[in-house]
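Here is the input, now give the coordinates:
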Amino acid sequence: MASAGNFHSIRNRATPIGTAKTAAATLTQAEVENAVVRVDSNDSGFTVTIPAAAAKYKGATLLVANTTGGTTAGNDCYAYVAAGFGGADSSYDTVDVGIGEFANFWCDGSYWYGGSAVVPS
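As a prediction, this is how the structure comes out:
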């Protein structure tokens, strides 16, 4: 089992895991299907938008990991989910994913759901 100190190995492997993002973007279907998004915010935070829930994403599980090196404040990634988690009467939810943190998301075809220490309840 990897320790928290090895978290950045997701980025530092010879062949890094998942899709890398270094600027604000809306994830494509292929990126969602890839299941892992590595965010390196390069000294300024930005937002990654998860596409609206749809039947084509039913069963999808997505891990958004902030692999930014260092400890500079403001390097957080924000994962934006349209319509809020589980359709919770919200127009959107935004999850703050700090350096070395991650958030998990999954879709039932109608809504996205999230779970981790950084996902608001």
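
I'd guess Thr47 is in a strand, am I close?
Yes. Secondary structure of Thr47, determined by DSSP: H, G, I helix; E, B strand; the rest coil: located in a strand.

Now it: closest residue in space that isn't a chain neighbour?
Here the nearest residue to Thr47 in space, its sequence neighbours aside, is Tyr78; by CB to CB, 6 or more residues apart in numbering that works out to 4.3 Å. Using the backbone N, CA and C atoms, a C-beta is placed for each residue, glycine as well.

Where does the most centrally placed residue in the chain fall, secondary structure wise?
Of all residues in the chain, the one closest to the mean position by CA atoms, centre = their mean is Val64, 2.4 Å from it. In the assignment (DSSP states H and E), Val64 maps to strand 61-66.

low pLDDT regions in the protein?
Within the chain, the stretches with pLDDT under 70 are 1-16, 41-43, 69-74, 88-90, 116-121.

Name the residues of the strand holding Val64 that are buried.
Under the neighbour-count criterion of 16 or more other CB atoms under 10 Å, strand 61-66 has Leu62, Leu63, Val64, Ala65, Asn66 buried.
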